[in-house]
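J.: I would like the atomic coordinates for the input below:
(one chain, ligands or ions: 1)
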Amino acid sequence: MRKEAHHPPENVSYRPWNRRDIPELARLARELYAYIESIDPVWRTSPGAEEHLRVHLTDLFTTRHAMSYIACDREEIVGFITGSITQRPPVILPHRDGLVDNAYVTPRWRKQGIGTLLCRMMLAWFAEQGVEEVRIHYQVSNQDACRFWERFGFRPWTIQGHFRLPGKNEPET
Ligand SMILES: CC(C)(COP(=O)(O)OP(=O)(O)OC[C@H]1O[C@@H](n2cnc3c(N)ncnc32)[C@H](O)[C@@H]1OP(=O)(O)O)[C@@H](O)C(=O)NCCC(=O)NCCS
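T.: Numbering: from 1, shown residues only. Purely as a prediction, here's the structure:
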């Protein structure tokens, strides 16, 4: 587990999500995708991404196998984390595990301990659900994220390779 964070801002409150949060969470998740796109040339976001994210979050909300925790400055959402419980192929143990779906803190509120508190809440929820293992996908180019997750004890585990096939008019290397 990571070392104790500094003191997070006292005026920020934390709560589980509700259905009314979904449009704003989709907007923030779109910002998260744009951020990843800005540091990772492989990651490209499709037109209409915000609507797709809204649908995805609504699906998660209705399954009951998912949770999101939200950090608010008064009414404004300044950060959130979403996670779900996934069933894995029967050949693999454990049969179910936790998957952190999205984690995002708006730029002005970063590096003040908000992400740490959100992550702790998410991990506590997984533990309450009887989940023993948790996964998260993060880009190797996202160095802040690598440091953040690895401080909690997450370790790089599988490698997802990426290769762009040469176009018809491009020379093969
Ligand atoms: C990754 C992310 C969610 C972390 O949220 P955060 O609120 O900034 O996280 P914390 O403040 O708890 O911790 C971040 C760092 O600030 C430090 N910190 C915490 N409180 C601090 C304070 N009061 N003063 C100075 N530093 C502080 C932490 O020790 C930590 O250090 P590190 O950079 O060495 O890891 C956030 O940076 C983010 O949204 N990034 C862009 C999107 C993204 O990459 N999301 C993850 C996708 S997998």
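
J.: Confirm for me that Phe25 is in contact with Asn18.
T.: You called it Phe, but residue 25 is Leu. No. Leu25 lies out of contact with Asn18 (CB atoms under 8 Å); the separation is 10.5 Å. (Each C-beta comes from the backbone N, C-alpha and C, glycine too.)

J.: These two: which has the busier surroundings?
T.: Leu25 (22 against 10; other CB atoms under 10 Å).

J.: Tell me the buried residues in the host helix or strand of the more buried one?
T.: Applying DSSP states H and E as the criterion places Leu25 in helix 22-39. In terms of neighbour count (16 or more other CB atoms under 10 Å), helix 22-39 has its buried residues at Ile22, Leu25, Ala26, Leu28, Ala29, Arg30, Leu32, Tyr33, Tyr35, Ile36.

J.: ok, now stretch 64-80?
T.: For stretch 64-80, a neighbour-count test (16+ other CB under 10 Å) marks Ala66, Met67, Ser68, Tyr69, Ile70, Ala71, Cys72, Asp73, Ile77, Val78, Gly79, Phe80 as buried.

J.: One more: stretch 83-94?
T.: In stretch 83-94, counting by 16+ other CB under 10 Å, buried: Gly83, Ser84, Ile85.

J.: Could I get the CA-only coordinates of the helix holding Leu25 as PDB?
T.: What follows is helix 22-39, C-alpha atoms only, in PDB (Å, rounded to 0.1, in the frame of the first residue of the first chain):
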ATOM      1  CA  ILE A  22     -23.700  10.400 -15.400                       C
ATOM      2  CA  PRO A  23     -23.700  13.200 -18.000                       C
ATOM      3  CA  GLU A  24     -21.000  15.100 -16.100                       C
ATOM      4  CA  LEU A  25     -19.000  12.000 -15.500                       C
ATOM      5  CA  ALA A  26     -19.200  11.300 -19.300                       C
ATOM      6  CA  ARG A  27     -17.900  14.800 -20.000                       C
ATOM      7  CA  LEU A  28     -15.000  14.300 -17.500                       C
ATOM      8  CA  ALA A  29     -14.200  10.800 -18.900                       C
ATOM      9  CA  ARG A  30     -14.000  12.500 -22.300                       C
ATOM     10  CA  GLU A  31     -11.500  14.900 -20.900                       C
ATOM     11  CA  LEU A  32      -9.600  11.900 -19.500                       C
ATOM     12  CA  TYR A  33      -9.500  10.300 -23.000                       C
ATOM     13  CA  ALA A  34      -8.400  13.600 -24.500                       C
ATOM     14  CA  TYR A  35      -5.600  13.700 -21.900                       C
ATOM     15  CA  ILE A  36      -4.400  10.200 -22.800                       C
ATOM     16  CA  GLU A  37      -4.700  11.100 -26.500                       C
ATOM     17  CA  SER A  38      -2.400  14.100 -25.900                       C
ATOM     18  CA  ILE A  39       0.400  11.800 -24.500                       C
END
